[in-house]
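**Q** what would the 3D arrangement of this be:
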Amino acid sequence: MRWPMRRTRWLLSAALLMVAGIALVAAGQAPPATSSAPEAARVLEVRLDDAIYPTQAEFIQDAFDEAARTNARLVLITMNTPGGLDSSMRAIIQKMIASPVPSVVYVSPAGTRAASAGFYILLSADVAAMAPGTNTGAASPIFVIGGQTVTIDETLRKKVVNDAAAYLRSITDKRGRNPKLAELAVTEAKAFTEKEALDGKLIDLIAPSTEDLLAQLNGREIRRFDGTTVKLALSSPVRTSFEMSGRQKFLGRIARPDVLFILVILAILGLYVEFSNPGLIVPGIVGGVSLILALVAMQVLPINAIGVLLILSALVLFVLEAKITSHGMLGLAGAVAMFFGAMLLIKPGITGAGVSPQVALIVTLPFALITVFLMRQVLQSFSWKPSTGMEQMVGASGEVVTAAETPQADGTYRGQASAQGVLWSVVAAQPLPHGAVVRVLKVDGLTLHVELAGTPQAAAATKV
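**A** Purely as a prediction, here's the structure:
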């Protein structure tokens, strides 16, 4: 039976009306594209609990990039640091100032500090906060070699102080803080408790915990470095922790002045032992791995060429001490050169950083003694008589087994003799009677050149 065309049209119309109705109902129930629901207040938390080196600077920079990418409301840096490298400090401050996401630096928990480079970073933040029982300051620009302050020319000292003070003033002025009081931390190495810093308008608030800090910041209007103002909306903050990458954690462990110096010494010692005693394997592996790690660390830390040259000079002096009788003077000079080379290995900045004198001394003295001892052993081995190979036959004694009493055409006598349990062809300038004792003069392939050292009768008497 044929289906009527009119009935088909009615069914199609009904289906279209049904689809349109469902679409209208769904559209009426669905939320609009521009929802008025409040966006979660995301706070990116970073923990800086270490000296400030290039790895830590890269980590903080990555945190600000992540905050900008995810539209975070705030970057919260909880800090506890004794200071660090000037170059790393400035890299963090530059990133903090240029970031579109506001930053809070919080010195916490109680008993921690933001000293030296940490003081600069604290005052560079949009909001500077401290927990009770913390301190900051002590940011005098000093020249530090291995943790020890050294005296410099007065003119140079003034230049460094003025540069550091001007840098800090430029930051505090823009942040609306107290530049005159902040400058005392540079010119007089002044340090401040959290209350002194708050009363002196160096920081913005004191908070006993992170939760309290975020509560105080909610609704607070802050002034950015470029002069614009931002009101923080942190009524229900979603806190997200930002961690170091695996590479940064690894670099953070090896890219330290003390560790770098130890790696350099292990590389030199391990490779030297392996080259002077081929086949030991373990010293070569230790030296090779240490060398690779040291080169990686050198790509991160600011290396001072003078320190490297002093360490190389120390090695030369150790070699000369083993070769020349100097009554220890060259060795002592080498130890001194290595000690100062270690402490000058890292370029110091206004915050000071480098190999500690304790590590430099503990590593240098044993290394000097071991190097001189090994070098003397190597030099003495050049004069030792070979104990293996054909050369050991020179001077050895043997007994004629096949007599040689008829001269050859060249006037020599050729026979056979037993020496060191092996039968050899022998050549001599005189007759060789059977059983005579001969002494090896030289080795020519598998033939020994010998001389008569005893008669058969003397050899028989010796056996008896």
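**Q** and the strands in the stretch 201-350 of the chain, which stretches?
**A** With DSSP state E, counting those that start in this stretch applied, the stretch 201-350 of the chain shows strands at 205-206, 221-223, 229-231, 237-241, listed in chain order.
**Q** same list (those strands) but as CSV, adding mean pLDDT, distance to residue 255 and mean neighbour count.
**A** All C-beta atoms are positioned from the backbone trio N, CA, C, and that covers glycine. Formatted as CSV, those follow (pLDDT from 0 to 100; distance: least, Cβ to Cβ, whole Å; neighbours: other Cβ atoms under 10 Å):
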stretch, mean pLDDT, distance to residue 255, mean neighbour count
strand 205-206, 96, 34, 18
strand 221-223, 92, 34, 14
strand 229-231, 92, 35, 11
strand 237-241, 93, 23, 15
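**Q** so which of the ones you listed is nearest residue 426?
**A** Smallest distance to residue 426 across these (Cβ to Cβ): 84.9 Å, for strand 237-241.
**Q** identify whichever of the strands of the stretch 201-350 of the chain lies nearest to residue 74.
**A** Smallest distance to residue 74 across these (Cβ to Cβ): 7.8 Å, for strand 237-241.
**Q** contacting residues around the closest one?
**A** 40-47, 72-74, 76, 210, 214, 218 (Cβ atoms under 8 Å, 6 or more residues apart in numbering).
**Q** PyMOL command to pick out the buried ones of the residues you listed?
**A** PyMOL command restricting these to the buried ones, with burial defined by 16 or more other Cβ atoms under 10 Å:
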select buried, resi 41+42+43+44+45+46+47+72+73+74+76+210+214
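**Q** where exactly do the strands run in the stretch 1-150 of the chain?
**A** Along the stretch 1-150 of the chain, counting by DSSP E, counting those that start in this stretch, strands occupy 41-48, 74-79, 103-107, 113-115, 127-130, 135-137, 144-145, 148-149.
**Q** let's have the ones you listed in TSV, adding distance to residue 262.
**A** Listed next are the strands of the stretch 1-150 of the chain as TSV, based on distance: least, Cβ to Cβ, whole Å:
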stretch	distance to residue 262
strand 41-48	25
strand 74-79	28
strand 103-107	31
strand 113-115	25
strand 127-130	35
strand 135-137	32
strand 144-145	18
strand 148-149	19
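**Q** got a markdown table for those, with distance to residue 182 and mean pLDDT too?
**A** A markdown table is the format used below for these (distance: least, Cβ to Cβ, whole Å; pLDDT from 0 to 100):
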| stretch | distance to residue 182 | mean pLDDT |
| --- | --- | --- |
| strand 41-48 | 20 | 94 |
| strand 74-79 | 17 | 96 |
| strand 103-107 | 14 | 97 |
| strand 113-115 | 13 | 92 |
| strand 127-130 | 11 | 96 |
| strand 135-137 | 9 | 93 |
| strand 144-145 | 21 | 46 |
| strand 148-149 | 22 | 45 |
